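Colleague: Need a 3D model of the sequence below.
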Amino acid sequence: METLATLEWTYLPLLEYSERKPRVILQALARMPQLFVELICALYKPTEESGVVEEPPENLEHAQNIATQAYNVLRLWDILPGTSSDGTIDGLALLAWIAEARKLAQAKGRGPIADQKIGEILSASPVDEDGFWPARAVREIIEATQNGEIDLGFLVGRRNRRGVTGRLPRDGGNLERMEAKHYREAAKATALEWPRTSSLLKKMADDYDHDAHWHDQLAERIDW
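Modeller: Residues are numbered from 1 along each chain as shown. Okay, the predicted model is just below:
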């Protein structure tokens, strides 16, 4: 397993666009919070507020190459810690992973950016058995942490995971209105037990409503 993860790290640029996508290294990230923090440290400097001071790298080019690779691994990461073989999320395992990752990152002076990246991976959550997104285990994390950086990463991560959309010139914001409707229904369904999660879902719905209006205006200009 370790050998495969090392090979995937080495050949990541080739594997990303091949039939054999990198998976082992992404699974390792979901199991090993210390690996997650190592990538964060390779990519980001400690905050000034942390008081952590590090010597500049002796080989700047090598450090930059490592940082690029770390960025790409984190960008591709879509396996939530605590994910079982059947795709369900073990909430206790997820909570333990996050607690350890946050502790390690704080000690390295990377607490805020680590929280954002944790929020981003939380956005990879599957739909829950109740039919709404995110999974209950993720909702519980959001409610328990009450952390603005995690919330921000969650919003950004979900937005980025949407990917590229296609539409006819006069379709306007129909796709965005569908997204807004979906998130607003989820916000309503989660409002009682998970109010912070519901608020984030409402924010997603509002953002898509705004995007829909922009696309509508763009479509109208075609007929001018």
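
Colleague: Distance of T190 relative to A70?
Modeller: Counting by CB to CB, to the nearest Å, the gap from T190 to A70 is 33 Å. Using the backbone N, CA and C atoms, a C-beta is placed for each residue, glycine as well.

Colleague: Show me which of those two is the more surrounded one.
Modeller: Between T190 and A70, counted using other CB atoms under 10 Å, T190 has the larger neighbour count: 26 against 18.

Colleague: Skipping adjacent residues, who's closest to that one in space?
Modeller: Of all residues not flanking T190 in the chain, S198 sits nearest, at 4.5 Å (CB to CB, 6 or more residues apart in numbering).

Colleague: What strand or helix carries the one you found?
Modeller: Assigned by DSSP states H and E, S198 falls within helix 195-222.

Colleague: repeat for N160
Modeller: Counting by DSSP H and E, N160 is found in helix 148-161.

Colleague: what helices or strands is that helix leaning on?
Modeller: With contacts defined as 3 or more CB pairs under 8 Å, 6 or more residues apart in numbering; DSSP states H and E, helix 148-161 has these neighbours: helix 111-122, helix 136-145, helix 195-222.

Colleague: quick one: the helix holding S198 to helix 111-122, angle?
Modeller: For helix 195-222 against helix 111-122, the angle by axes from the mean of the first three to the mean of the last three CA atoms, to 10 degrees is 70 degrees.

Colleague: Report how many residues lie close to the nearest residue to V156 once chain neighbours are set aside.
Modeller: Counting by CB to CB, 6+ apart, V156 lies nearest to E120, which is 6.4 Å off, once chain neighbours are set aside. For E120, the neighbour count with other CB under 10 Å is 23.

Colleague: So E120 is in contact with L152, correct?
Modeller: No. In this structure E120 lies outside contact range of L152 using CB atoms under 8 Å: 9.2 Å.

Colleague: show me the contacts for the residue lying closest to I89 once chain neighbours are set aside.
Modeller: Leaving out its chain neighbours, the residue that sits closest to I89 by CB to CB, 6+ apart is A137, at 4.2 Å. Contact analysis of A137 by CB atoms under 8 Å, 6 or more residues apart in numbering lists G82, I89, D90, G91, L94, S125.

Colleague: can we see that at 10 Å?
Modeller: Taking CB atoms under 10 Å, 6 or more residues apart in numbering, we find A137 in contact with 80-83, 88-95, 122, 125, 128.

Colleague: So for those residues, which is the shakiest by pLDDT?
Modeller: Minimum pLDDT across the contacts of A137 is recorded for T88, with 91.

Colleague: so what's the backbone phi/psi at that residue?
Modeller: Torsion angles at T88 (phi, psi; degrees, to the nearest 10) stand at phi -80, psi 160.

Colleague: Identify the residues contacting it.
Modeller: Shown in contact with T88 (CB under 10 Å, 6+ apart): G82, P126, D128, E129, A135, A137.

Colleague: what's the most distant pair in those residues?
Modeller: G82 and E129 (15.5 Å; CB to CB).

Colleague: quick one: which of the two has more around it?
Modeller: G82 (22 against 9).

Colleague: hang on, the earlier thing: give the buried residues for the helix holding S198.
Modeller: Within helix 195-222, the residues scored as buried using 16 or more other CB atoms under 10 Å are 196-198, 200-202, 204-205, 207-209, 211-212, 215, 219.

Colleague: before we move on, what about stretch 157-168?
Modeller: Buried residues in stretch 157-168, defined by neighbour count with 16+ other CB under 10 Å: G157, R158.

Colleague: which residues sit against it?
Modeller: With CB under 10 Å, 6+ apart as the criterion, stretch 157-168 contacts 75, 77-78, 116-125, 133-134, 171, 173-176, 179, 183, 200-201, 204, 207-208, 211, 215, 219.
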